[in-house]
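In: Based on what follows, work out the 3D shape:
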Amino acid sequence: MTTKTSIAVENQNRENGPDPEPDVETVFKIIKDTWDHLMTKPGIILISAFLLIMIWGPKGIPIFHEWFAEWIGTDPVQAAYRTQLLSYASGLLLGVVIPFLIIKFRFRESLSNYGLGLGNIRLGLVSMAIIIVVCLVPFYFGAKDESMMAEYPMLYQGLSTEQIKANFTWGSFLAYQLIYASFFFVIEFTFRGYLLFGLREKFGLYAVLTQMLSYTAWHLPKPVPELLGTPVWGFAVAAVSLRCGSMWYAFLAHWLLNVYLDIMILVNKGII
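Out: Prediction:
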C-alpha cells in the first residue's frame, strides 16, 4: 500500500519532472535553488543571527579577538578589562547594529516589532519581579560553585583572589556593572528580540524553541551550573517576552541577577 509520504514525493516528482542526471552543475543548482528559496524574512533572520552569533564567538569573545592582542596587552588586570570591552563592543555591532540595519532597510519594519517597545508594562514588571525572586536561590548557590567563581565577575576573569583584592574599588566595580548591562542587552535583543519576535509570524510559539536551542548552544562552553539553567531561562523569559510584547523586562531581570551573582561571588571570595 502506498504511504502518504510516497504519494507526496511522487506528486512532487511529477510537478518537477524526472530528476536530472547528477553532475556538478546539478548539485550547485540544487544548492542555489535552496538558498534562493530561503531568502525570505525568517530565512534571513535565521542565517544572519547564527552567522553573527558565530562571529561573536563562545562566551561573547569574538573570533577575531587575536587581532586586538596588542591593544589588550599582557598585564592580567588590564587584559581582563579590555577583553570584556572588546566583547561588549563587538556584541553591540554584531548582535544589535547589524540586525537593526536589516530590520530598517531590508524588512522596512519598526524596531518596536522586535521587542523594543514597552508592551504590557504591568505583565512585564510583575513577570520580571517573579523571575528575579525565583532565581535568587539558585543564583545564591551558583555563586558558591568553584567553576562559577572562576568565570565571574568577568571583569576579574583569570585573576587570583589576591589580584582582585588589590584592584577592587566600589567605583570601578559599579562603573563596570553599568557597562556590563550592554552585554545583556546584546544577548536579550539577539535571542529574545531579533530571533523570537522576528520568527513568531512564521513559526508561532515554535519561535520560543528556536531561540532557546540556539541560546543553549551558545552557552555550551559555560560552567555546568549555568549551562543547566540556560534552557530553562531561555524558554521562560522568551514565553513571557512574547506574551507581554517586549524584551526589556527579560533584559532587566537578566542584568540585575548577574549583578547579584557578581556581588555574591565577591562576598564568597572575601573581597567585600
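In: what pLDDT does V9 get?
Out: According to the model's per-residue confidence, V9 sits at a pLDDT of 44.
In: Same question for T5.
Out: Note for T5: predicted pLDDT of 45.
In: Please apply the same query to the one 10 residues further on.
Out: pLDDT, E15: 53.
In: just E25 next, same as before
Out: E25 is assigned a pLDDT of 83 by the prediction.
In: ditto for E21
Out: Model confidence at E21 (pLDDT) stands at 73.
In: One more: S48?
Out: S48 is assigned 97 on the pLDDT scale.
In: wait, it sits on I102?
Out: Yes. Under the contact definition of C-beta atoms under 8 Å, S48 touches I102, with a separation of 6.1 Å. All C-beta spots, glycine's among them, are computed from the backbone N, C-alpha and C.
In: what's the spacing between the residue nearest in space to the middle of the chain and S87?
Out: Against the mean C-alpha coordinate of the chain, by C-alpha atoms, centre = their mean, the closest residue is I187 at 3.7 Å. In this structure, I187 and S87 are 11 Å apart, going by C-beta to C-beta, to the nearest Å.
In: What of F100?
Out: In this structure, F100 and S87 are 19 Å apart, going by C-beta to C-beta.
In: show me where the stretch 51-200 of the chain has helices.
Out: Taking DSSP state H, counting those that start in this stretch as the test, the helices found in the stretch 51-200 of the chain are 69-72, 76-92, 98-101, 121-142, 146-151, 161-167, 170-189, 196-203.
In: Can I get those helices in CSV including mean pLDDT?
Out: Written out in CSV, the entries for the helices of the stretch 51-200 of the chain read as follows (pLDDT from 0 to 100):
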stretch, mean pLDDT
helix 69-72, 95
helix 76-92, 94
helix 98-101, 98
helix 121-142, 97
helix 146-151, 96
helix 161-167, 93
helix 170-189, 96
helix 196-203, 96
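In: Give the burial count for I265, as a bare number.
Out: Other residues near I265 number 24, with proximity taken as other C-beta atoms under 10 Å.
In: Hmm, it is touching S147, no?
Out: No. Counting by C-beta under 8 Å, I265 does not reach S147; the two are 11.3 Å apart.
In: Alright, calling it a day.
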